[in-house]
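Colleague: just a sequence and a predicted model for now, questions to come.
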Amino acid sequence: MLKKKIEYGIDFLEQHLAIFKCPKCHQSFKEIKNNSAICQNNHHFDLSKKGTLHFPNHHMTSDYDKEMLTSRRKIIQKGLYQPIEDQILILLSELSPDSYVVDMGCGEGSFVNRLKSQEKNPLAYLGFDLSKEGVQLASDFSKDGFFFIGDVTNMPFEDNSIDILLNIFSPSHYEEMNRVLKPGGMMIKVIPEAMYLKEMRELFYHDNPEKQSYSNENVYEKFKKDVSLVKEERLTYAFPVSKEDYEDVLMMSPIHWGSTEKAKIYAKEHPFEELTIDVKILIGKKS
Ligand SMILES: C[S@@+](CC[C@H](N)C(=O)[O-])C[C@H]1O[C@@H](n2cnc3c(N)ncnc32)[C@H](O)[C@@H]1O
Ligand SMILES: [Zn+2]
């Protein structure tokens, strides 16, 4: 019989319970019992049928919904970010096999799935996101890693427990990231550069030229201020877009959120055949 998602979740937690700590009282977990993770102060976190946990203790929401994340998954799985994955894989290949890799703000989980299927070492992967729908989708990859609903500002991990933090187009909290990383641990942050998705920006904001440009200056400066930067690399390439994928490509990023209805129609009616990916990969180490 095929292993169920919840069984993958329980197995992972039983094997790796020592890296977790309760986000409510910040004590360690003592056991997994009746499909619940229980901390030293008896806070219970119940596993869902999909083998995921819900950690935030107050109501938080994300605008990233199932429809958008499903479109995003289709295009990522066609190799949209393969050159970025290749760079990350080089870094992961240097890790020892008992290392932990955490994808912070993992969305629908494709990075965990694709990295796991291409890497050499049997690393342990975790992914979390504030979006419940994202984590539900990510549970399709429960054989590749453990997924939970969590917040980058209060990660349910012990101090000095994680080897690599992936932070791909997602928000950061550098103090918290430094806390959970092992000494010598690294953060890999991917941020958009000026030309990132420019074809889409030009269409959705053809009636509002001010919004066509993007600068990562603030994000970049904050990283350099708060993190000890080891290396940075800019990657720029064109991703071919077929007619059948066009609508998913338009939906896969938040760019359309602020555009007018008219501009959305305009974008659909003016398909492009290549999409520019322009990013910076920032590698920082625990300071
Ligand atoms: C642009 S998406 C990137 C998702 C994924 N890394 C990818 O590239 O497909 C940003 C993600 O950050 C998540 N997010 C926003 N605030 C968060 C927070 N405080 N904690 C965890 N995730 C958060 C959103 O729900 C969303 O899935
Ligand atoms: Zn607790």
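Modeller: Right, received. Where do you want to start? Note that the structure is predicted; figures quoted are calculated from it, not measured. Ligands and ions are numbered 1, 2, ... in the order given.

Colleague: CA only for contacts and neighbour counts going forward, please
Modeller: OK.

Colleague: I'd guessed residue 49 sits against residue 5; true?
Modeller: Yes - counting by CA atoms under 8 Å, residue 49 touches residue 5, with 7.0 Å between them.

Colleague: how about low-confidence regions in the stretch 51-200 of the chain?
Modeller: For the stretch 51-200 of the chain, not a single residue meets the criterion pLDDT under 70.

Colleague: which positions in this structure make contact with ligand 2?
Modeller: 22, 24, 25, 39, 41, 43 (CA under 5 Å from the ion).

Colleague: compute the number of surrounding residues for residue 159.
Modeller: Residues lying near residue 159 (other CA atoms under 10 Å) number 18.

Colleague: relative to ligand 2, how far out is it?
Modeller: In this view, residue 159 and ligand 2 are 15 Å apart by CA to the ion, to the nearest Å.

Colleague: could you do residue 57 as well?
Modeller: Counting by CA to the ion, the gap from residue 57 to ligand 2 is 11 Å.

Colleague: neighbours of that residue, just the number please.
Modeller: 10.

Colleague: same check on the one 5 residues further on?
Modeller: If you count neighbours by other CA under 10 Å, residue 62 ends up with 11.

Colleague: with neighbour numbers in mind, choose between residue 49 and residue 5.
Modeller: residue 5 (19 against 15).

Colleague: what distance do you get for that one to residue 280?
Modeller: 35 Å (CA to CA, to the nearest Å).

Colleague: ChimeraX command to pick out the buried ones of the residues of the chain next to ligand 2?
Modeller: Filtering the residues of the chain next to ligand 2 down to the buried ones (16 or more other CA atoms under 10 Å) takes a single ChimeraX command:
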select :22,39,43
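
Colleague: inside strands: which ones of the residues of the chain next to ligand 2?
Modeller: Using DSSP state E, the subset of the residues of the chain next to ligand 2 located in strands is residue 39.

Colleague: now, among the residues of the chain next to ligand 2, which is nearest to residue 124?
Modeller: Nearest to residue 124 among those: residue 22, at 19.8 Å, using CA to CA.

Colleague: isn't that closest one right up against residue 28?
Modeller: Yes - between residue 22 and residue 28 there is a contact at 6.0 Å, judged by CA under 8 Å.

Colleague: burial measure for residue 59, as a count.
Modeller: Applying other CA under 10 Å, I find that residue 59 has 5 neighbouring residues.

Colleague: same question but for residue 243, I mixed them up
Modeller: Using other CA under 10 Å: residue 243 sits among 11 other residues.

Colleague: go on, residue 274?
Modeller: 14.

Colleague: and it, what are its bridge partners?
Modeller: Beta-bridge pairing of residue 274 under DSSP bridges involves residue 240.

Colleague: tell me who's in contact with it.
Modeller: 238, 239, 240, 241 (CA atoms under 8 Å, 6 or more residues apart in numbering).
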